[in-house]
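pasting the structure only:
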């Protein structure tokens, strides 16, 4: 059964506490926090103060996804703001091993995200150091995009690499997750499914989270 991480990028920012309390009550496992800087991706979301606010009200761990250039500058700040998992992009890090080690030193679980064009094999030398690999199933920057079908094969390759390397990391999928693809992603090897618009645009978000989880059993 896959874990579910609702993305508050799709929440009602004017009622963020209410939406976080819904996640707290739900069967969700993480709160996914998408940080965008308008440089690495063509959108700006929110930053450290919103992460701090989410940490104050969330009872589920914060899964913080840094879609920013030079993320090393902000690792400590986001860890202090409450990040339990800190995920950086392979494409944004010149010295990825150093970045991953720094995240561990700060007491967070290190994750690395891969854009749709980036093959999973680029992480082969660092997989044992990771707690999570995030596979982008849309191009990062905006919610509500169409799921990229090649993601299934990409997840299967990553799961095979995990087995071959005897590494112990979670495979997370972010982008276009819905009731139609959740079970297929879980079967391919995904452990965590990030869902934003699909959850928060639903008439009953809490029931939608439970249904997503049920479909991956």
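Now that the structure is in, tell me what you want to look at. Small disclaimer: the values here were computed from a predicted structure and weren't measured.

tell me the strands in this structure, going along the chain?
If DSSP state E is used as the criterion, the strands of the chain fall at 3-6, 31-36, 62-67, 83-89, 109-114, 132-136, 170-174, 192-195.

mind listing what's buried in the longest helix belonging to the chain?
Using DSSP state H to define each element, the chain has its longest helix at helix 151-165. When burial is assessed from 16 or more other CB atoms under 10 Å, helix 151-165 yields the following buried residues: 151-152, 154-155, 157-159, 161-162. Using the backbone N, CA and C atoms, a C-beta is placed for each residue, glycine as well.

related to what we said a few turns ago, right, and the strands of the chain - which one's nearest residue 75?
For these, the distance to residue 75 is smallest for strand 83-89, at 6.2 Å, taking CB to CB.

Could you check the angle that closest one makes with strand 109-114?
Between the axis of strand 83-89 and that of strand 109-114 there is an angle of 30 degrees, by axes from the mean of the first three to the mean of the last three CA atoms, to 10 degrees.

start the count at 16, not 1, going forward
Sure thing, new numbering starts at 16, so read that last one as strand 98-104.

from what I can see residue 190 touches residue 157, true?
No. Distance between residue 190 and residue 157: 9.5 Å, which falls outside the contact criterion (CB atoms under 8 Å).

Who has more neighbours out of those two?
For residue 190 versus residue 157, neighbours defined as other CB atoms under 10 Å are more numerous around residue 190 (24 against 14).

ok, and the closest non-adjacent residue to the more buried one?
Among residues not flanking residue 190 along the chain, residue 153 sits closest, at 3.2 Å (CB to CB, 6 or more residues apart in numbering).

Give me the average confidence score over the longest helix of the chain.
When the per-residue pLDDT values of helix 166-180 are averaged, the result is 98.

what helices or strands is that helix leaning on?
Packed against helix 166-180 by the contact rule (3 or more CB pairs under 8 Å, 6 or more residues apart in numbering; DSSP states H and E) you find strand 147-151, strand 185-189, helix 197-203.

ok, and what's touching it?
Contact with helix 166-180 is made by 131, 134-136, 138-139, 142-143, 148, 150, 152, 182-184, 186, 188, 199-200, 203-205, as judged by CB atoms under 8 Å, 6 or more residues apart in numbering.

How far off centre is that helix?
Averaged C-alpha coordinates place helix 166-180 at 17 Å from its chain's average position (CA atoms, centre = their mean, to the nearest Å).

what does stretch 105-123 give?
The offset between the C-alpha centroid of stretch 105-123 and the centroid of the whole chain comes to 16 Å, using CA atoms, centre = their mean.

And the contacts of that stretch?
For stretch 105-123, contacts defined as CB under 8 Å, 6+ apart pick out 55, 81-87, 90-91, 94, 98-101, 103, 124-125, 127-130, 133, 137-138, 141, 144-145.
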